[in-house]
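Engineer: Give me the fold of what follows.
(one chain, ligands or ions: 1)
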Amino acid sequence: MTRTVLGADEDGLARVSAAAATVTTPFHLYDTGVFAARAALLRDTLPGALLYSAKANPHPALLATAAAAGCDLELASEGELDALASAGVAAGRAILVGPAKTDALLATAVERGVGTVVVESLGELRRLITVADRSATGPTSVLLRLGLDGARGSLRMSGHQFGMEHAEVLACLELLATTAAVSFAGYHGYLASQLLRAADIEHNSRLVSSAAATLAGLGFPGARLDLGGGFGIGYTPGDPDLDLAEVAAGLGRVRRSVRAGTTLMFESGRFLAGPSGVLVCAVVDVKTTGGRRFVLLDGGINTSGLFGGGNGIRGLRHSVVRDGAVLSGGPPSHLCGPLCTPMDRLATSVPCAADVGDLVVWWNTGAYGFSAAPVNFLSFPPAVEVVV
Ligand SMILES: Cc1ncc(COP(=O)(O)O)c(C=O)c1O
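Structural biologist: Here you go, the predicted structure:
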């Protein structure tokens with residue numbers, strides 16, 4: 001049976017226990033089989049190509065798995081380009097996205113043969129042309145990132161520093177017509193993350209496709225159109241799962257509204273990496289102070305971006321594991337990490353029977369965990385990453 005989540009079932013618990021027998025906690029455990037299955041699931045759902053967003057988890061094993069599963073890659077930095085090289089994946093399969101790309105980053109991308117640069121401003125396009133002019137490599141393809149208002153979702157990129165308004169896009173198109181150093185390939189829009197309603201994904205995709213249709217109507221059709229994504233996952237016990245049949249139906253409608261011959265692209269990080277990974281911590285101490293029971297773990301907010309910051313999730317699903325089995329119930333407890341700050345609380349007043357030596361497993365934490373963690377805060381050693 002193909003597993004699409006590394007979960008609290010017999011198989012998942014066996015994997016966690018096997019890793020815990022050989023690796024010191026805290027550690028992240030990634031399952032490439034689950035990752036590949038999720039890539040296949042999403043690719044089957046989408047009416048276009050799927051790119052894996054390395055920002056969610058740039059572990060080379062996952063980048064290699066994504067590439068083997070037929071996904072190209074969406075990258076943002078030299079570090080992610082290095083990870084791609086470590087994974088043995090050609091840079092030609094990558095697109096580079098992100099605001100504030102420096103000349104050095106653009107030059108590295110061009111020299112390494114990154115397939116496409118997603119341009120986010122007229123100034124950036126001018127600098128890219130200068131860099132590409134100096135380079136011996138062939139012309140770089142360019143997608144123009146559309147900055148659009150009106151997107152749905154709580155983690156919105158629309159109305160922020162990403163992409164360009166219509167007039168600036170037109171200025172870019174005029175400039176592109178005058179150069180051979182880079183070639184115009186189409187448009188890009190990424191408007192929100194962690195969407196759990198198929199209707200919101202359709203709505204946001206339609207915003208991008210309508211803006212691209214307007215530009216095509218002005219004489220600037222693009223061969224490729226990146227509609228973004230935002231495919232969410234259930235983090236807390238109350239979260240619904242994304243209904244992939246509804247996503248397929250909604251995006252199918254968008255597909256039919258797009259000019260024939262356009263290649264559609266989508267991007268996803270957390271849908272692939274999230275349920276493929278878990279964070280495992282050990283209970284170091286248990287005590288009661290001020291009438292509150294505290295369960296103290298060897299990994300805290302320093303181990304995962306999901307405990308705080310922009311990606312922070314309240315009520316992250318977790319289990320206490322003793323001797324390979326889940327231990328349910330227990331007195332209300334606060335689960336805290338080792339950092340000397342009250343911010344290092346991972347769960348508040350949850351039933352928890354854990355005692356010293358037990359494991360606490362944080363499910364669905366393979367995306368924006370290690371990659372988004374404030375690892376240097378209090379200088380504990382970084383959590384280990386284990387791949388199975
Ligand atoms: C441009 C772009 N693409 C893709 C993603 C991946 O989002 P997710 O991991 O939620 O799929 C992000 C997330 O911030 C993004 O900014």
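Engineer: Pro374 contacts Ile301, correct?
Structural biologist: Yes. The criterion here is Cβ atoms under 8 Å, and Pro374 meets it with Ile301 at 6.6 Å. (Each C-beta comes from the backbone N, C-alpha and C, glycine too.)
Engineer: Would you mind listing what in the stretch 251-388 of the chain touches the ligand?
Structural biologist: With Cβ under 6 Å from any ligand atom as the criterion, the stretch 251-388 of the chain meets the ligand at residues 267-271, 367.
Engineer: which residue does the protein bring closest to the ligand?
Structural biologist: Proximity of the chain to the ligand (Cβ to the nearest ligand atom) peaks at Gly269, 2.7 Å away.
Engineer: Averaged pLDDT, the helix or strand where Leu13 lies. What do you get?
Structural biologist: Per DSSP states H and E, Leu13 falls inside helix 10-22. The average pLDDT for helix 10-22 rounds to 96.
Engineer: hang on, the earlier thing: among the residues of the stretch 251-388 of the chain next to the ligand, which ones are in helices?
Structural biologist: 270-271 (DSSP state H).
Engineer: can I get the residues of the stretch 251-388 of the chain next to the ligand in JSON lines with pLDDT, distance to Ile201 and neighbour count?
Structural biologist: Output for these, formatted as JSON lines (pLDDT from 0 to 100; distance: Cβ to Cβ, whole Å; neighbours: other Cβ atoms under 10 Å):
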{"residue": "Glu267", "pLDDT": "98", "distance to Ile201": "12", "neighbour count": "26"}
{"residue": "Ser268", "pLDDT": "98", "distance to Ile201": "11", "neighbour count": "28"}
{"residue": "Gly269", "pLDDT": "98", "distance to Ile201": "15", "neighbour count": "25"}
{"residue": "Arg270", "pLDDT": "98", "distance to Ile201": "13", "neighbour count": "26"}
{"residue": "Phe271", "pLDDT": "98", "distance to Ile201": "11", "neighbour count": "26"}
{"residue": "Ala367", "pLDDT": "98", "distance to Ile201": "17", "neighbour count": "28"}
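Engineer: in this protein, what spans have low per-residue confidence?
Structural biologist: Scanning the chain with the threshold set as pLDDT under 70 gives 1, 158.
Engineer: ok, and what's touching the longest helix along it?
Structural biologist: Criterion DSSP H: the longest helix present in the chain is helix 198-217. Helix 198-217 has contacts (Cβ atoms under 8 Å, 6 or more residues apart in numbering) with 146, 148, 150-153, 158, 166, 169-170, 173, 186-187, 189, 191-192, 195, 221-222, 225-231, 242-243, 246-247, 249-251, 253-254, 257-259.
Engineer: rerun that using 7 Å as the cut-off
Structural biologist: Helix 198-217 is contacted by residues 146, 148, 150-153, 169, 187, 189, 191-192, 195, 222, 225, 227-228, 230, 242-243, 246-247, 250-251, 253-254, 257-259 when judged by Cβ atoms under 7 Å, 6 or more residues apart in numbering.
Engineer: are any of those residues buried, and which?
Structural biologist: 146, 148, 151-153, 169, 187, 189, 191-192, 195, 222, 225, 227-228, 230, 242, 247, 250-251, 254, 258 (16 or more other Cβ atoms under 10 Å).
Engineer: Spit out the contact partners of Met58.
Structural biologist: If you look again at residue 58, you'll see it is Pro, not Met. For Pro58, the contact set (Cβ under 7 Å, 6+ apart) comprises 80, 83, 371.
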